[in-house]
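Sequence first, then the predicted structure, then my questions.
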Amino acid sequence: MPATSTDLRIAVLGVGMMGAFHADALSSRIRGAQVTVVSDFFADKAAEVAGRVGARVDSDPIAAIHADDVDAVLIASPGKAHDEQVNACLDRGIPVLCEKPLTTDVESAYGIVQKEAALGRQLIQVGFMRRYDAEYVALKKLITDGELGNPLLVHCIHRNPDVPEHFNSEFMIRDSVVHEVDVARFLLDEEIASVEVIAGVATSAAPAGTHDPMLVVFRTVSGRVVTDEIYVRSGVAYEVRTEVVGERGSALIGLDQNLVVKRTDGRWGGSIAPGFVERFGAAYDLELQRWVDAARRGTVDGPGAWDGYAAVAVCEAGVEAVRTGQKVPVVLGPRPDAAGSDAPSADMGTSSQPGIAESSAGITAPDLEAAR
Ligand SMILES: NC(=O)C1=CN([C@@H]2O[C@H](COP(=O)(O)OP(=O)(O)OC[C@H]3O[C@@H](n4cnc5c(N)ncnc54)[C@H](O)[C@@H]3O)[C@@H](O)[C@H]2O)C=CC1
Ligand SMILES: O=C1[C@@H](O)[C@H](O)[C@@H](O)[C@H](O)[C@H]1O
């Protein structure tokens, strides 16, 4: 998209799989944004993406945050780097969209909540993109409209076809289950109070000592139960399903996404999205568009620092639950006044479909195709 003088000038930190996808989106499909700086641990990766999006390279991510040609930052470095980079954005007082998880330990996540609150304005958005997915938005609307009655149970399934070796049980909780933690908080609009993990027989594809799959059970503050099957080496495809069971009915999403039923050779069958980019491509772009629009207005319009912190706290309890086999309580610190969540609600602005916000990102199927 041609740059204009009012564009939000963005530094993208970490241009591996997710950061490169976001950088490409910001430079082509998102309005009002321009990637001016790219930073990555690997110089060749940074140079390749920077060349593609018309940005310059800065090998030092903290210098990039403080650069004169940067108004906002998108962090897509590994989780362990987020704490230092988010803090640097707060030090400079500029908006930041940080990919999940906010950080990898509860102390640093709470420190960020407190530091943002002390500034007196929201600057942080966390990359919980499922809140922008049309199916999750529709499911939330069914709940808030009361169509299912009081929600009693949430059942989630999260299967990846394959993951790198370093995805051990702890990483599976902190990096994958963190999505269902946020989904549960988003759908039920309450905090999670405890976590249990049931680990059974592991797939032979898992490294020794890694529990894959696991069944994670959350209990909310009001006593609702949420189950999450996390299985990251299923060998099949990307399968993310969520079912809400209420007093007056149930609703299930994620069953048929991208389903093409074909009939050939005397057989019929369909295909399932192979990965998260295919399944959530439109949601990632809508997340970015709303972040850019809000940042240009000086606001945040998405899950904030508190949401990021609450999810890290639940995941930390989950890691402890894997280690001990016990039910572990989640204890959250006091919520500072300014650390609100401007999470998109079920009714996100004008829309041609009920419960689905109109995307100004102009996402089309070919865009998603090109992203593969
Ligand atoms: N919302 C979602 O569905 C998804 C979110 N993610 C999140 O995005 C982040 C990145 O994940 P991937 O792209 O899968 O990882 P990746 O490993 O493909 O890319 C990370 C990149 O960051 C670079 N890097 C390492 N340390 C750095 C530092 N200190 N500063 C700047 N760059 C640094 C690495 O060289 C690498 O190129 C993680 O937080 C991950 O959890 C990843 C996949 C999907
Ligand atoms: O965030 C993501 C990855 O980092 C994570 O590792 C995957 O399990 C998730 O499905 C994906 O959405």
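Arrived safely, thanks for sending. Residues are numbered from 1 along each chain as shown. Ligands and ions are numbered 1, 2, ... in the order given.

who in the stretch 201-350 of the chain is up against ligand 1?
Phe276 (Cβ under 6 Å from any ligand atom). (Glycine included, C-beta is placed from N, CA and C.)

run the last query once more with 8 Å
Phe276, Val277, Phe280, Tyr284 (Cβ under 8 Å from any ligand atom).

where do the strands sit along the stretch 201-350 of the chain?
Here the stretch 201-350 of the chain has its strands, by DSSP state E, counting those that start in this stretch, at 214-220, 225-231, 239-246, 249-253, 262-264, 267-269, 328-329.

and for the longest one, what are the contacting residues?
Here strand 239-246 makes contact (Cβ atoms under 8 Å, 6 or more residues apart in numbering) with 136, 139, 142-143, 148-159, 179-180, 183, 187, 250-255, 272, 279.

Filter those residues down to the ones in helices?
Tyr136, Leu139, Leu142, Ile143, His179, Glu180, Val183, Leu187, Arg279 (DSSP state H).

count of neighbours near the fifth one?
In this case it means His179. Neighbourhood size, His179 [other Cβ atoms under 10 Å]: 23.

The residue in the chain that ligand 1 sits nearest to: what's it in contact with?
Using Cβ to the nearest ligand atom, the point where the chain gets nearest to ligand 1 is Gly16, with a distance of 1.8 Å. By Cβ under 8 Å, 6+ apart, Gly16 lies in contact with Asp40, Lys45, Ala76.

which of the contacts of strand 239-246 are buried?
The neighbour count (16 or more other Cβ atoms under 10 Å) marks 136, 139, 142-143, 148, 151, 154-159, 179-180, 183, 187, 251, 253-254, 272, 279 as buried among the contacts of strand 239-246.

Pop the domain breakdown of this protein in here.
According to the TED database, the chain comprises the domains 8-129, 133-273+305-329.

Dump the residues of the stretch 201-350 of the chain next to ligand 1 into a markdown table; add distance to ligand 2 as well.
Below are those laid out as a markdown table (distance: Cβ to the nearest ligand atom, whole Å):
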| residue | distance to ligand 2 |
| --- | --- |
| Phe276 | 4 |
| Val277 | 9 |
| Phe280 | 7 |
| Tyr284 | 10 |
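
Save the residues you listed as TSV, and put in neighbour count and pLDDT too.
Converted to TSV, those look like this (neighbours: other Cβ atoms under 10 Å; pLDDT from 0 to 100):
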residue	neighbour count	pLDDT
Phe276	19	93
Val277	16	94
Phe280	24	96
Tyr284	24	98
